[in-house]
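Student: Can you look at this prediction? I've put the sequence above it.
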Amino acid sequence: MCGIVGYSGYRDCSDVLVGALSRLEYRGYDSAGIAVFENGKIEVAKCKGRLKDLVAKMEIDGKPQGNVGIGHTRWATHGEPSDINSHPHSGEKVTIVHNGIIENYKVLKEFLIEHGEKFLSDTDTEVVAKLLGYYYKKNPMEPIVTIERTIKDLEGSFALGIVFEDFPDVVFATRRESPLIVGVGENESFIASDVPAIINYTKNYYLLDHDEIVKLENGDVTIYDDHGDIEEKELMTADWDMDAAEKGGYPHFMIKEIHEQPTSINTTIKPRIVDGMPNLEECSITLDKIKSFKQIYIVACGTAMHAGLVGKYVIEKLAKVPVTVDMASEFRYRNPLVGKGDLVIIISQSGETADSLAAMRLAKKLGAKTLAIVNVKGSSIAREADMLIYTHAGPEIAVASTKAYIVQLSVMYLFAFELALAKGAITQEQCKALTAELQNTPGIISDVLEKTLEITQYVGTKLVATESLLYIGRGLDYALSMEGSLKLKEISYIHSESYAAGELKHGTISLITDGMPVIAVATQSDLLEKTVSNIKEVKARGAKVILVAREDFEIDEEAYDYLIKVPKMQDILMPIPTIVPLQLIAYYTAVHRGNDVDKPRNLAKSVTVE
Ligand code: M6R
């Protein structure tokens, strides 16, 4: 998704903006641009391509010189990636950058054309720029009034960075639905779509609410509420630093984040375990509160939804409460039979995914209680949920989610243990034993990382020329296979499907041809025999089987070509160590194929549009 930044201070603004945008690159983009006040005039530099293309362009055309400005990386929605569609865009005496989608831009564009405006680009953003110009003409020297009036006309989502020609030291910004933070440093201030953009300048930031407007001037920050009155807001402090937003010696963020998983789990579960028992009171979750839920829905997208699938197996098995898992994009339009007495769990790393946020709002409207499991502090989903469990994975920069997934799993386990206890489905002793085993997972993951790095690299070399492959598993292994398959396809661009092993015979097995890779997951003791017989079925039809199995399982060597062993834990907890080699296979395959692992094509880190 687009990234926006803005700066008002004493440094070289072009450098600050490009540096800040580079730390938002993970969001995905196809063009970039900046607007900086140079001797009181707004100078724009923008082009299609990566930030390095913008820098190269500025080396030739001259870099805007000044201390105040705005910047943007664009992920095309309206209009192809091109120089002209790149942001910033301008209207009468005003220039803007925008993240989001203006749903009623066509009506507004017609209105503006009728009033004599001419458009250069195909973007919805230029409509906002021209509309701001239109209202500024009616309210000269009144930027706040102009912004307020303009956003009244807008439908959809936006985070806007705005500069007016008549206010050369000032950056304005506003938001609705799209994320925007306001960084506060010493004699300097910032706006940004996300904290990593500004973390090397300051850890202190404000979160803007919908339709609030902020003014950055000479390092000072003034925030106006949606009535135009100045308001005081709580200053937040990021609890991580620059190192967390840098690669720290790793070639990619993804591999760094895979290695951070033991720490992420530890930081997430430690404060929620008291005297060996799960304790979610700080998240306002008590045994009393949760014991009455009869039906649970887990709603999320992509990897977060896959964490929900594991959650379903675990909750149903331990707490005996029925769980339905939905993709947020389906849930919101299928008239779900959700209501009072139900619990809807929304899982999201970013806390800003448009479909997940809309699904949560729908669940609330229908009378259900909502619980959000979110990584990004202060994000929209976190702010609007009835109950909230933060995962403490730290910033996840790679587009392919790894550490966020594993901490989502760890939280699902804690919640399931607590719910099972509340329901009287497990005893205190059983709960303690499960919790103790969960506490062992960080150590076990470190062990898996050490032991599987080499074999997964090797398997990656074997998959490098593959066009298509299958993942298979049963029960929890099937849920895990779905995540393994998504990881591989999103970064390696290899077509990959995940199938319940027992379902193969009903159609999919016809895809197996000589030499086709099949990644089989077998970690569940009660399903082992059945899974192995499915593996043999594909092997007999020519598949090359890469088997990821629990180390103590005795499996006929004829059944596989490569074996990746995972340490033994209780069946129910096996997804945590087992996902690691699946992540590594995806990573090394993509690396061997020479792909841009952290920024796969067409993908954005946080999907804030439908
Ligand atoms: O921020 P969220 O967890 O809500 O994001 C959900 C998905 O967009 C995300 O998990 C996506 O599938 C990742 N690319 C997976 O690696």
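Tutor: It's in. Residues are numbered from 1 along each chain as shown.

Student: which helices and strands does the helix or strand of the chain with the lowest mean pLDDT pack with?
Tutor: None of the helices or strands of the chain scores lower by mean pLDDT, DSSP states H and E than helix 287-290, at a mean of 89. Here helix 287-290 touches helix 403-422, going by 3 or more CB pairs under 8 Å, 6 or more residues apart in numbering; DSSP states H and E. C-beta coordinates here come from the backbone N, C-alpha and C atoms, glycine included.

Student: Just the residues contacting the least confident helix or strand of the chain, thanks.
Tutor: The contact list for helix 287-290, computed with CB atoms under 8 Å, 6 or more residues apart in numbering, reads L343, M387, E418, L419, L421, A422.

Student: So the last one versus the ligand, what's the distance?
Tutor: This means A422. 27 Å (CB to the nearest ligand atom, to the nearest Å).

Student: hey, where'd the strands end up in the stretch 151-300 of the chain?
Tutor: Secondary structure of the stretch 151-300 of the chain (DSSP state E, counting those that start in this stretch): strands at 156-164, 170-176, 181-184, 189-192, 204-207, 213-217, 220-224, 230-231, 236-237, 273-274, 277-278, 295-300.

Student: Tell me, how many residues neighbour the closest residue to the ligand within the stretch 201-350 of the chain?
Tutor: Nearest to the ligand in the stretch 201-350 of the chain, going by CB to the nearest ligand atom, is G302, at a distance of 1.9 Å. Counted by other CB atoms under 10 Å, the residues lying close to G302 total 21.

Student: Just to check, it is in contact with L486?
Tutor: Yes - under the criterion of CB atoms under 8 Å, G302 makes contact with L486 at 6.6 Å.

Student: quick one: pLDDT of the residue of the stretch 501-610 of the chain found nearest the ligand?
Tutor: Residue of the stretch 501-610 of the chain nearest the ligand, by CB to the nearest ligand atom: V607 (4.8 Å). V607 carries a pLDDT score of 84 in this model.

Student: quick one, phi/psi of the closest residue to it other than its chain neighbours?
Tutor: Closest residue in space to V607, ignoring its immediate chain neighbours: T353 at 5.4 Å, by CB to CB, 6 or more residues apart in numbering. Main-chain dihedrals, T353, degrees, to the nearest 10: phi -60, psi 120.

Student: who are the neighbours in contact with T353?
Tutor: With CB under 8 Å, 6+ apart, T353 has these contacts: A300, C301, A304, A328, I381, S606, V607, T608.

Student: how far away is it from the ligand?
Tutor: 3 Å.

Student: do you know how far that residue is from T95?
Tutor: 30 Å (CB to CB, to the nearest Å).

Student: The longest helix seen in the chain: which residues count as buried?
Tutor: Longest helix in the chain, counting residues (DSSP state H): helix 441-463. Residues 441-442, 444-445, 448-449, 451-453, 455-457, 459-460, 462-463 are the ones in helix 441-463 that count as buried (16 or more other CB atoms under 10 Å).

Student: what's that helix packed up against?
Tutor: Judged by 3+ CB pairs under 8 Å, 6+ apart, helix 441-463 is in contact with helix 261-269, strand 544-550, strand 562-566, helix 575-592.

Student: Partner strands of the shortest one, with direction?
Tutor: Going back to what we said before, that points to strand 562-566. strand 544-550 (parallel) (DSSP bridges).

Student: Dump the partner strand to PDB, keeping only the CA atoms.
Tutor: Extracted in PDB, the C-alpha atoms of strand 544-550 (Å, rounded to 0.1, in the frame of the first residue of the first chain):
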ATOM      1  CA  LYS A 544       9.200 -36.200  -5.100                       C
ATOM      2  CA  VAL A 545       8.200 -36.100  -1.500                       C
ATOM      3  CA  ILE A 546       9.800 -33.700   1.000                       C
ATOM      4  CA  LEU A 547       8.600 -34.900   4.300                       C
ATOM      5  CA  VAL A 548       8.500 -32.700   7.400                       C
ATOM      6  CA  ALA A 549       7.800 -35.100  10.300                       C
ATOM      7  CA  ARG A 550       8.200 -35.400  14.100                       C
END
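
Student: any idea how far that strand is from the chain center?
Tutor: Distance of strand 544-550 from its chain centroid, counting by CA atoms, centre = their mean, to the nearest Å, is 29 Å.

Student: Please report how far G394 lies from the ligand.
Tutor: G394 is 14 Å from the ligand, by CB to the nearest ligand atom.

Student: Ramachandran angles for that residue?
Tutor: phi 80, psi 180.

Student: quick one, what contacts it?
Tutor: W240, A244, E260, S264, T267, K403.

Student: just to revisit the earlier point, which of the helices and strands packed on helix 441-463 is buried the deepest?
Tutor: helix 575-592 (a mean of 26; mean count of other CB atoms under 10 Å).

Student: ok, which residues in this protein are in contact with the ligand?
Tutor: Taking CB under 6 Å from any ligand atom, the part of the chain that reaches the ligand is made up of 301-304, 348-350, 353, 356, 399-401, 490, 603, 606-607.

Student: Cross those residues against strands and list the overlap.
Tutor: S348 (DSSP state E).

Student: Which of the residues of the chain next to the ligand are buried, as a PyMOL select command?
Tutor: In PyMOL, this line selects whichever of those come out buried by 16+ other CB under 10 Å:
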select buried, resi 301+302+303+304+348+349+350+353+356+399+400+401+490+603+606+607
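
Student: Out of the residues of the chain next to the ligand, which is nearest to E177?
Tutor: Nearest to E177, judged by CB to CB, of those is T353 at 11.4 Å.

Student: how close does that closest one get to N534?
Tutor: The value you get for T353 to N534, if CB to CB is used, is 34 Å.

Student: and the host helix or strand of G133, what does it pack onto?
Tutor: For G133, the host element (DSSP states H and E) is helix 124-138. Helices and strands touching helix 124-138, as assessed by 3+ CB pairs under 8 Å, 6+ apart, comprise strand 89-91, strand 94-102, helix 105-114, helix 143-152, strand 156-164.

Student: Closest residue of the stretch 51-200 of the chain to the ligand?
Tutor: P179 (11.0 Å).

Student: Could you check how far that residue is from Q430?
Tutor: Taking CB to CB, one finds P179 at 41 Å from Q430.

Student: Who has more neighbours out of these two?
Tutor: The neighbour comparison of P179 against Q430 (other CB under 10 Å) goes to P179, with 27 against 14.

Student: can you pull the pLDDT of the closest residue to that one other than its chain neighbours?
Tutor: Spatial nearest neighbour of P179, chain neighbours left out: E352 (5.1 Å); criterion: CB to CB, 6+ apart. The per-residue pLDDT reported for E352 equals 92.

Student: what does M242 give?
Tutor: At M242, pLDDT is 73.

Student: what residues are up against it?
Tutor: Listed by CB under 8 Å, 6+ apart, the contact set of M242 reads I199, N200.

Student: swap in K203?
Tutor: For K203, the contacting residues are T237, A238, D241, by CB under 8 Å, 6+ apart.

Student: Buried only: go through those for me.
Tutor: In those, burial by neighbour count holds for A238, counting by 16+ other CB under 10 Å.

Student: circling back: return the helix holding G133 as PDB; C-alpha atoms alone will do.
Tutor: Extracted C-alpha coordinates of helix 124-138, given in PDB (Å, rounded to 0.1, in the frame of the first residue of the first chain):
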ATOM      1  CA  ASP A 124      -8.300   9.700  -7.400                       C
ATOM      2  CA  THR A 125      -5.600  11.700  -5.500                       C
ATOM      3  CA  GLU A 126      -5.500  14.500  -8.000                       C
ATOM      4  CA  VAL A 127      -9.200  15.000  -7.400                       C
ATOM      5  CA  VAL A 128      -8.500  15.600  -3.700                       C
ATOM      6  CA  ALA A 129      -5.700  18.100  -4.600                       C
ATOM      7  CA  LYS A 130      -8.000  20.000  -6.900                       C
ATOM      8  CA  LEU A 131     -10.900  20.000  -4.400                       C
ATOM      9  CA  LEU A 132      -8.500  21.400  -1.800                       C
ATOM     10  CA  GLY A 133      -7.600  24.100  -4.300                       C
ATOM     11  CA  TYR A 134     -11.200  24.800  -5.000                       C
ATOM     12  CA  TYR A 135     -12.100  25.300  -1.300                       C
ATOM     13  CA  TYR A 136      -8.900  27.200  -0.600                       C
ATOM     14  CA  LYS A 137     -10.000  29.800  -3.200                       C
ATOM     15  CA  LYS A 138     -13.200  30.200  -1.200                       C
END
